[in-house]
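Undergrad: Just the structure for this:
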Amino acid sequence: MDIKILGTGCPKCKTLEKMVNEVVSENMFDARISKVEDIVQIMNYGVMGTPALVINEKVAISGRVPSKDEIKKIIEKHING
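TA: Purely as a prediction, here's the structure:
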């Protein structure tokens, strides 16, 4: 699974990145996590607000920081999907 955090480095973007890393680690999900900070690449996803969470090239959340439980459910949905 490929997970990307889209954000330019603002506090909310860093919070989302930290939470996603914690959820993946705590649940032993097989995922590669990367951060996309380039504004052009972010715009290519059609995201108008950051932070955003992209799983397997699909935007799952944008413009807010979800709870860890919500992140876990979104990842599980993509695993079982």
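
Undergrad: And the longest helix belonging to the chain, what does it pack against?
TA: Ranked by residue count, the top helix of the chain under DSSP state H comes out as helix 11-26. Counting contacts by 3 or more CB pairs under 8 Å, 6 or more residues apart in numbering; DSSP states H and E, helix 11-26 is packed against strand 2-6, strand 32-36, helix 68-80. Any C-beta I mention is one placed from the backbone N, CA and C, and that applies to glycine too.

Undergrad: Which residues belonging to that helix are considered buried?
TA: Across helix 11-26, burial judged by 16 or more other CB atoms under 10 Å covers 13, 16, 17, 19, 20, 23, 24.

Undergrad: Return the list of strands paired to the helix or strand harbouring residue 59, each annotated with direction.
TA: Assigned by DSSP states H and E, residue 59 belongs to strand 58-62. Within its sheet, strand 58-62 is paired with strand 52-55 (antiparallel), according to DSSP bridges.

Undergrad: what comes up buried for the strand holding residue 59?
TA: Those would be 60, 61, 62, for strand 58-62 by 16+ other CB under 10 Å.

Undergrad: which of the buried residues of helix 11-26 lies closest to residue 67?
TA: Relative to residue 67, the closest of those is residue 19; by CB to CB it sits at 8.2 Å.

Undergrad: list the contacts for the closest one?
TA: 65, 66, 68, 71 (CB atoms under 8 Å, 6 or more residues apart in numbering).

Undergrad: so residue 29 touches residue 74, yeah?
TA: No: in this structure, residue 29 is not within contact of residue 74 by CB atoms under 8 Å, at 11.1 Å.
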